[in-house]
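Q: Sequence and predicted structure are below.
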Amino acid sequence: MFALPHFSARIIVGVGSGCIAVVGWSFARSMHGFPTDPHLWLPRLVVRSVADIRRLNRIAVVWLGLIAWSVTVTTLHFAGVTLDIYSAISWWDMLTHSMSGFGIAALTVLTHRDAVSKYGSAWWVVPTIVAIGAGFEVYEFVFKAFWHEWTLQEYIVDTVVDLGMNTVGGTVVASAVSGYLTAADRPRLDSAPPNHAD
């Protein structure tokens, strides 16, 4: 009888990715500044982006840039699949995963920029990206077939690299936002009168 590859030793990748998604999401939700009502994030993104783009100001340019980024990542991914670039160019997978981690993190922070500004933190986006990336790995395990011929070691290495590159993209965004918040706060700190306690 034919055995599905899902029930081979490689099931640890699917189950492990699911566990990483749950732990990452739980950790993100416990962090300072995590936005409320995650089930409303996608509608918020749509409403916020449309409202911001209609204003035709600097933030509209950022949204348009992120839309172009998303289209680019999607094009690179589907070109990789259709033209078999993923197997021909070893770093293509790392490129698309790091770019997608960056793009999703940037869209998430931009959508929730009021909360980021209020709480002065965007570091919750890193475990959020880990959770989303691990969720995507579960999707691939269940619905895709490209890994069926891989050994367990090949599959684990691919998954770890994918999650690592997603995390790098999210960390770049969190670091940039953290630096921006620190720089924006510095003038207020610098303008405070010196404390001369004698």
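A: Cool, the structure landed. Numbers count the residues shown, from 1 in each chain.
Q: So which residues of this structure form helices?
A: Along the chain, counting by DSSP state H, helices occupy 11-30, 41-55, 58-82, 85-88, 92-111, 113-119, 125-143, 152-191.
Q: residues of the second one that come out buried?
A: Neighbour-count burial for helix 41-55 flags Trp41, Leu45, Arg48, Ser49, Asp52, Ile53 (criterion: 16 or more other Cβ atoms under 10 Å). Every C-beta, even on glycine, is put in place using the N, C-alpha and C of the backbone.
Q: can you list the residues you listed in JSON lines and add distance to Trp69 and pLDDT?
A: What follows is the buried residues of helix 41-55, written out as JSON lines (distance: Cβ to Cβ, whole Å; pLDDT from 0 to 100):
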{"residue": "Trp41", "distance to Trp69": "18", "pLDDT": "94"}
{"residue": "Leu45", "distance to Trp69": "14", "pLDDT": "96"}
{"residue": "Arg48", "distance to Trp69": "17", "pLDDT": "95"}
{"residue": "Ser49", "distance to Trp69": "13", "pLDDT": "96"}
{"residue": "Asp52", "distance to Trp69": "16", "pLDDT": "96"}
{"residue": "Ile53", "distance to Trp69": "15", "pLDDT": "96"}
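Q: So which of the helices of the chain is nearest Leu4?
A: Among the helices of the chain, helix 11-30 comes nearest to Leu4, with 9.7 Å by Cβ to Cβ.
Q: ok, so what distance separates the residue nearest to Lys118 when sequence neighbours are not counted from Arg113?
A: What sits nearest to Lys118 in space, not counting adjacent residues and going by Cβ to Cβ, 6 or more residues apart in numbering, is Gly33, at 7.5 Å. Separation of Gly33 from Arg113 (Cβ to Cβ, to the nearest Å): 11 Å.
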